[in-house]
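Peer 1: Just the structure for this:
(one chain, ligands or ions: 3)
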Amino acid sequence: MSRPILVINCGSSSIKFALVPEHVAAHQVRRSGLAENLGTPEALLNITTEDGKKTSVAIPHADHQAALTEILKRLGDELPIAIGHRVVHGGEKFTHAVQIDESVLKVIRETTPLAPLHNPANLQGIDATLKLFADLPQVAVFDTAFHQTMPPQAFRYALPEDLYSKHHIRRYGFHGTSHAYVTQHTDQLVGGDNNGWISAHLGNGCSTCAVWQGKSMDTSMGLTPLEGLVMGTRSGNVDPSLHIHLTRTLGWSLEEIDQILNKKSGLLGLSGLSNDMRTLTEAAADGHRGAELAIDVFCYRLAQSLAAMSCALPVFTGIIFTGGIGENAAVIRAKTLALLPHFGLYLDADKNQKMIRGAEGRIDQGANDTELGINAYLGRQIWVIPTDEEGQIARETRSVLGL
Ligand SMILES: Nc1ncnc2c1ncn2[C@@H]1O[C@H](COP(=O)(O)OP(=O)(O)O)[C@@H](O)[C@H]1O
Ligand SMILES: CC(=O)OP(=O)(O)O
Ligand SMILES: [Mg+2]
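Peer 2: Ligands and ions are numbered 1, 2, ... in the order given. Next up is the predicted model:
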């Protein structure tokens, strides 16, 4: 059997490590780890061992290298053949995954100001594995690459031409690995080659994406992962004059405003309680006003974005929910779809309630028709598909290296 790929998926608030053997989905992988809050006094690795036992290992003062070393101790003989890194921003240069060398590292460093929550941590991960596995090939899989098929009407801002041609100011889009995986996977489940999907990746970062015939046509994130939807701690869209207004009226510096929009806004800012949707849905059920407001704004803005994405599709087959919120929060799916009564999205309330914790399937009222082999349903399809960024990164890593 061929040796596995070690995948490092570093997001804004957690780092997922997975060892992905060939032909196996990452969520079936036996040994994987999740390191949370790296760089803070303690990281937690959740490790599922071969016999299915789950252990949690706390590593004081952990960084990538400490977390990786801890994982390596548990690898035994199953050494990886290559390493695949999630890299969030690859600018316009990368339309596909690439093997990492000095010139690739230079571009990743140059794009760091555009993804300040992500690229520095991605670079730390690469640095750690270059030290630990100097002999192994390493591949960067970019969030931005999948969106390089967007047409100019979707990726250009209405700004002077020079800002694009000389300074690369444009919409890039992120979560490409996730949007690519869930739409390709749903295409396989549905069949046909002319499907148009809107996928909603709702994790700590959130984005929507219009995908037609396997290509990204538009997405809600822009130059940076701050544009678009309400997220855990990120504001999403605000009036572009907000920076100047806050500077003039409150004297805030650009750094302070950047911190507030990226780290103190979104669900956390609106609720005054938490950035975690689980906490908010429980608090809202108990009548917490801030949690209710945060959920209302989150769902309204998500519904608006789904409607907007439909403009990018010649064919609108259906919607796909993914990411921690999209895969688990039935109440958020129902509330959002109820705001789109003109789109032929008929939710099956019972199927919606049951589609949680890694389950995959259709939750619209036409799902039963398909099971019976009849096709009387005139509405659009609604799917819940657990994302598999790690599996997709492993496949792209093998493909780049010809493994
Ligand atoms: N059962 C659940 N109900 C509601 N929200 C959930 C549930 N499980 C996870 N979530 C939410 O998913 C989000 C994290 O999503 P995830 O995709 O794991 O994040 P990341 O972007 O860090 O990969 C958090 O807001 C979390 O509260
Ligand atoms: C790009 C982005 O927002 O990623 P994450 O959701 O993993 O923070
Ligand atoms: Mg994520």
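Peer 1: ok, Ile332 to Ile356 distance?
Peer 2: Look at Ile332 and Ile356: by CB to CB, to the nearest Å, they are 12 Å apart. Just so you know, the C-beta spots here come from the backbone N, C-alpha and C atoms, and that holds for glycine as well.
Peer 1: quick one: which of these two has more around it?
Peer 2: Between Ile332 and Ile356, Ile332 has the larger neighbour count (other CB atoms under 10 Å), namely 21 against 12.
Peer 1: which residues touch whichever residue of the stretch 201-350 of the chain sits closest to ligand 2?
Peer 2: Going by CB to the nearest ligand atom, ligand 2 is nearest to Gly205 of the stretch 201-350 of the chain, at 2.1 Å. Going by CB atoms under 8 Å, 6 or more residues apart in numbering, Gly205 touches Gly11, Ser12, Phe174, His175, Met221, Pro225, Met231, Gly232, Arg234.
Peer 1: Flag every buried residue along stretch 214-232.
Peer 2: 216-232 (16 or more other CB atoms under 10 Å).
Peer 1: what do you get for stretch 340-352?
Peer 2: Leu340, Phe343, Leu345, Tyr346, Leu347, Asp348, Lys351, Asn352.
Peer 1: quick revisit: okay, and which of the contacts of Gly205 map to strands?
Peer 2: Per DSSP state E, strands hold no members of the contacts of Gly205.
Peer 1: Save those residues as CSV, and put in pLDDT and distance to ligand 1 too.
Peer 2: Formatted as CSV, the contacts of Gly205 follow (pLDDT from 0 to 100; distance: CB to the nearest ligand atom, whole Å):
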residue, pLDDT, distance to ligand 1
Gly11, 80, 4
Ser12, 76, 6
Phe174, 97, 11
His175, 97, 9
Met221, 98, 13
Pro225, 94, 10
Met231, 98, 9
Gly232, 96, 6
Arg234, 96, 11
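Peer 1: Would you tell me which one of those comes nearest to Ala128?
Peer 2: Gly11 (16.6 Å; CB to CB).
Peer 1: In this structure the closest one contacts Gly203, no?
Peer 2: Yes: using CB atoms under 8 Å, Gly11 makes contact with Gly203 at a distance of 7.0 Å.
Peer 1: And the two? Which one has more around it.
Peer 2: Legend: neighbour count by other CB under 10 Å for Gly11 and Gly203, higher for Gly203 (23 against 20).
Peer 1: Isn't the more buried one up against Ser14?
Peer 2: No: counting by CB under 8 Å, Ser14 is not a contact partner of Gly203; they are 9.1 Å apart.
Peer 1: near ligand 2, which residues of the stretch 1-150 of the chain?
Peer 2: Proximity of the stretch 1-150 of the chain to ligand 2 (CB under 6 Å from any ligand atom) is limited to residues Gly11, Ser12, Val88, His118, Asp143.
Peer 1: just the stretch 151-300 of the chain next, same as before
Peer 2: Near ligand 2, when you scan the stretch 151-300 of the chain using CB under 6 Å from any ligand atom, you find Phe174, His175, Gly203, Asn204, Gly205, Pro225.
Peer 1: Near the second one, how many other residues are there?
Peer 2: Which is His175. 31.
Peer 1: Would you enumerate the residues in contact with it?
Peer 2: Contact analysis of His175 by CB under 8 Å, 6+ apart lists Asp143, His201, Gly205, Ser207, Cys209, Thr219, Met221.
Peer 1: for the longest helix anywhere in the chain, packing partners?
Peer 2: Among the segments of the chain that qualify as a helix by DSSP state H, the longest is helix 289-309. Identification of packing neighbours for helix 289-309 by 3 or more CB pairs under 8 Å, 6 or more residues apart in numbering; DSSP states H and E yields strand 196-202, strand 206-212, helix 266-271, helix 277-285, helix 330-337.
Peer 1: The next helix or strand after it pairs with which strands?
Peer 2: Following helix 289-309 in sequence order, the next helix or strand is strand 318-322 (DSSP states H and E). Next to strand 318-322 in the sheet, as set by DSSP bridges, lie strand 196-202 (parallel), strand 381-384 (parallel).
Peer 1: okay if I get those as TSV plus distance to ligand 1 and mean pLDDT?
Peer 2: Listed next are the strands paired with strand 318-322 as TSV, based on distance: least, CB to the nearest ligand atom, whole Å; pLDDT from 0 to 100:
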stretch	distance to ligand 1	mean pLDDT
strand 196-202	7	98
strand 381-384	12	97
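Peer 1: Pick the most buried one from these.
Peer 2: Ranked by mean neighbour count, those are led by strand 196-202 with a mean of 28 (mean count of other CB atoms under 10 Å).
Peer 1: quick one, that strand and helix 330-337 angle?
Peer 2: Counting by axes from the mean of the first three to the mean of the last three CA atoms, to 10 degrees, strand 196-202 lies at 130 degrees to helix 330-337.
Peer 1: can you pull the buried residues of stretch 143-152?
Peer 2: Buried-residue list, stretch 143-152, by 16+ other CB under 10 Å: Asp143, Thr144, Ala145, Phe146, His147, Gln148, Thr149, Met150.
Peer 1: Brilliant, that's me finished.
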